[in-house]
Structure formats: structure tokens, C-alpha cells
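Peer 1: Sequence unavailable; structure follows:
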């Protein structure tokens, strides 16, 4: 028995050692590829393959988009000196006040955010002129900046900073992927009536909806009682960060009893090795939707679709809101813990990557290599960010469900932003406020889950003079608050 134990220990050690070398080599290759992309982008090589006329059109479109993004941020955050200065300070590790942020520090920040380059010296003359214009506008709103650069602070730049990841052993992925993902997905989802399909790079699970006439009649009666005849509108659900689809079972299982449902797999944010570095781009998403519409009758062209996204998944819905055509085919939109509205804030990067709240999951989730690579290397805030005016062309008001005590997403700021947009007639939204809830709490609370499902299936699509309809949702019993604290991990040696 001792010999068997030693053999098992040796085998396990050998597997872990091989896996360690595999992950180190894989990360090295991806990081090396990322560095090459940065160098090419800094040198402007990416645009050399197109003709001069086309390049001029592309550069002009990019320049206009920079103005749009900067002006949107300035209009929202620079409305007062205090608010604007706090906004800028949050983007610098080690900065305690606006006085700690010098002019060259702000240039570094704007160069990263709006020009996607690693240094000011890589900007051409037109880009440098636009940067100086942004600096002048900033000074006019927030006051003067000290000349030079404060070397004691560092700008948060996920694409250019060292990868904030820690190695996870093979046994970790044996549970998260082997047991929870593969076995659960295959057996549990199959038992619920879902079938897996591929659409380009995307793998998804499809359920045709109510399977008998009694269920269909029951669903139709409930919809008619709510003055809503869109009872057959199919749903596409994009999950957020976590261990795959397990956390969402009660959500998509209930939805499938009422509507046709498709659930996307998101391996890059699901703590997986297989497909863990696979990131869905805008083209991947649009291609997959086109394939789905040609494959499944319930999603055929001219049929309106209800897009639902949670957390990271709401970023995927944001891309579809802006780029899916024809836009009339977007029937309803539900954004839960909607992070696309706050991507111009540093809070999400700080609270998840650089200065996370320690609640027992920092190593397990925040520092997982595939997830860290996705958020720091492949995630582009300009593609994911959603401004209220982007909701203007939708058929129905978007439903936005926010958690009142969200430790990641600044939900109070988003609520104020949407309320102001509604008051000014920019966008109509149905805001559902989950009081006393942290990020993703609705997934683990049956009462909150039922109320969330209710708002997905029966959104309030009535037009109102005031563009935001507010619904307060509270727990039946207030929970004891789980105390969290900052991890203080000395990220990049500055905290």
C-alpha cells in the first residue's frame, strides 16, 4: 500500500510538473504574440497593407470616433472639478489626489485609452495634435496640471502592464473543466433538453422552448394578460465570469419553459484550459448569429431576438446592440450587472485586477491565467463600452438590472447616468434595482432569480414621458453583509 501511495504521488507530481511547463510555455507564446502586436501597432504597420485612399478614410473615421469617446467622457465626468479630478485619480495607482497627477501622466493615460499606443513618442503629428487638444480640454475643466511626470504613480494600462496571473494546478482544472464543465454540460444540459452546436468559433446550447401545447397555451395566456404578444420571442443568453453555465441553470432552465433559448459558452472567462484563450470578436459574434438564424427555425431572419447578458456577457450584448443588422430584429435587450456602461471608469479594472476585494476568490478567479489574459490582452473597452445614446435605436426600452451593493460595477453611477439620459430623452430604459445585492447575487438567491426571470420574460415596453422606469427589488429577509477587504497584494509594487 505504501508503494502504491508513492506511485500515485509520483504520478500526480509528474502531471502537475508537465502541466506547469505547458502553461508557462503557452503563456510565453501568447505574451510574445501580444508584444509583437503592440510593436506593430506602435509603428503603424497594421495600416500599411491598405491603399493610401482607404487609409485616409479609416484614419479619419478613427479620429472622429476618438472625439466621440472623449467628448462623451468629458460631458459625463468633467461636469464638476471634484468629479473629474476623482475620475482621473482613479486611473493612477498611488495617486492620492489630483495634485499627484502631472501632465505627462495624463498624456500616458490618454495615449493608452484613446490611441491604443504604449507611449506618446509613437504618436504621429495628427495624433499628437489631437492629444494636446484633449489635454487642453481637461485643463479647462479640471484646472492646471503640473508639468513633467510623477514617477511615483503609475497609470492603469491593462494591455501594456505585466499580466496579473498566477499559475493554477492541473487538479484545479480537473474540477472546473473536467467535472463541472464537461460532465455537467453533457449530462445536465442534455437532460434538460439542450443540444450543443457549433457556429464558427462559438459553441452554444440550444433548447426549442415549450415542448407541448399545454405549455405553449399557458405561456401565451400569461403574455396576453400582460399585454405582450411576444411570447415566442427567442432568447440568446451570454453568461459572465465563473465556472461555466452551472451558476445559470435555474435561469436558462426556467426561460426554456417559456421560450426557445440559446446559451453561449464563454470558455475564455469560464476557468477552462480547452478554449481558454479563445476570445469572441465582433465578427465571430455576428457570424455565429447568422449561422444560428439559418439553422434554427425559431431564430429565422425577420424574427425578433431577445439578447440577455450578465456581467462580461453584457459586453457581448453591447457589441450586438451597436453592430447587429437589421437593428429592427433586436426585439428586447436585458443587461444584468451591466458593466458596459462603466468601462470608462477605473473601478472595474481596479476592483477586479489591480486592487481586488478579497472574498476568498481572488486567487481562484481573478488571477486565473486564461481569464487574466482575456481581460488584459484581448478586451478592448472601445468595442464593449455602451453609452445611453447607443440604446436609442432599439425597438423597446432596454432592461438594465443592477446590484445595489456591487463591489465591481459602480451601479449607483450607472443608475444616475441612465436616469439623466431618460430625463433628457436620449434613451429609454427599465431599471431594476436589486437592493442589498452584490455582483451576481441573483444567481444564488431563488427569490431574486424569480424576479429577474420575470423581468426578462415580461419587460415593461410601455412608452413614458420620462425615459427611465425604476423598479426596486428587495430580499424577503435582509442578509448579513459579508465583510470584504482589499487584498493589498502590492500589484506592480505600487499598492
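Peer 2: On my side now, so go ahead. Bear in mind that the values here come from a model prediction, so they are computed numbers and not experimental data.

Peer 1: center of this protein - which residue?
Peer 2: Centrality entry for the chain: nearest residue to the mean C-alpha point is residue 312, 2.8 Å, by C-alpha atoms, centre = their mean.

Peer 1: doesn't residue 240 make contact with that residue?
Peer 2: Yes. Contact criterion C-beta atoms under 8 Å: residue 312 and residue 240 qualify, at 4.5 Å. For every residue, glycine as well, the C-beta is placed using N, CA and C.

Peer 1: who's in contact with residue 134?
Peer 2: Neighbouring residues of residue 134 by C-beta atoms under 8 Å, 6 or more residues apart in numbering: 70, 110, 114.

Peer 1: Then residue 398?
Peer 2: Residue 398 sits next to 321, 332, 333, 334, 335, 391, 427, 428, 429, 430 when contact means C-beta under 8 Å, 6+ apart.

Peer 1: would the first one count as being in a helix?
Peer 2: Same thing as residue 321. Yes. According to DSSP: H, G, I helix; E, B strand; the rest coil, residue 321 belongs to a helix.

Peer 1: Could you list which residues are in contact with it?
Peer 2: So residue 321 contacts 307, 330, 333, 386, 390, 391, 394, 398 (C-beta under 8 Å, 6+ apart).

Peer 1: quick one: low-confidence parts of the stretch 251-400 of the chain?
Peer 2: Along the stretch 251-400 of the chain, the parts satisfying pLDDT under 70 run over 359.

Peer 1: Please, where are all the strands along it?
Peer 2: Listed in chain order, the strands of the stretch 251-400 of the chain (DSSP state E, counting those that start in this stretch) span 261-264, 305-310, 330-336, 357-358, 398-403.

Peer 1: Relative to residue 296, which of the ones you listed is closest?
Peer 2: strand 261-264 (7.7 Å; C-beta to C-beta).

Peer 1: what's next to that closest one, contact-wise?
Peer 2: Residues outside strand 261-264 that contact it (C-beta under 8 Å, 6+ apart) are 194, 202-207, 209, 234-239, 245, 248, 252, 255, 288, 292, 296, 299, 313, 316.

Peer 1: If we use 6 Å, what do you get?
Peer 2: The contact list for strand 261-264, computed with C-beta atoms under 6 Å, 6 or more residues apart in numbering, reads 204, 205, 206, 207, 235, 236, 237, 238, 252, 255.

Peer 1: now, which of the residues you listed lie within strands?
Peer 2: Per DSSP state E, strands hold the following members of these: 204, 205, 206, 207, 235, 236, 237, 238.

Peer 1: of these, closest to residue 131?
Peer 2: Nearest to residue 131, judged by C-beta to C-beta, of the ones in strands among the contacts of strand 261-264 is residue 238 at 34.8 Å.

Peer 1: so who does the closest one touch?
Peer 2: Counting by C-beta under 6 Å, 6+ apart, the residues that residue 238 touches are 264, 309, 313, 316.

Peer 1: Need those residues in JSON lines (columns: distance to residue 57 and neighbour count).
Peer 2: Compiled in JSON lines, the contacts of residue 238 are given as follows (distance: C-beta to C-beta, whole Å; neighbours: other C-beta atoms under 10 Å):
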{"residue": "264", "distance to residue 57": "33", "neighbour count": "21"}
{"residue": "309", "distance to residue 57": "32", "neighbour count": "28"}
{"residue": "313", "distance to residue 57": "33", "neighbour count": "26"}
{"residue": "316", "distance to residue 57": "28", "neighbour count": "23"}
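
Peer 1: JSON lines please, covering the residues you listed and showing distance to residue 442.
Peer 2: Listed next are the contacts of residue 238 as JSON lines, based on distance: C-beta to C-beta, whole Å:
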{"residue": "264", "distance to residue 442": "19"}
{"residue": "309", "distance to residue 442": "14"}
{"residue": "313", "distance to residue 442": "14"}
{"residue": "316", "distance to residue 442": "19"}
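
Peer 1: Let's have the contacts of residue 134 in TSV, adding neighbour count and pLDDT.
Peer 2: Shown next, in TSV, are those (neighbours: other C-beta atoms under 10 Å; pLDDT from 0 to 100):
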residue	neighbour count	pLDDT
70	19	96
110	20	97
114	20	96
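
Peer 1: quick one: which of these is nearest to residue 19?
Peer 2: residue 114 (39.9 Å).

Peer 1: would you turn the contacts of residue 134 into a markdown table with secondary structure?
Peer 2: Listed next are the contacts of residue 134 as a markdown table, based on three-state DSSP:
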| residue | secondary structure |
| --- | --- |
| 70 | helix |
| 110 | helix |
| 114 | helix |
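
Peer 1: picking that back up, now, the most widely separated pair of the ones in strands among the contacts of strand 261-264?
Peer 2: 207 and 238 (15.5 Å).

Peer 1: which element is residue 408 on?
Peer 2: Under DSSP states H and E, no helix or strand contains residue 408.

Peer 1: which residues of the stretch 1-150 of the chain fall in strands?
Peer 2: Under DSSP E, counting those that start in this stretch, the stretch 1-150 of the chain gives strands at 92-93.
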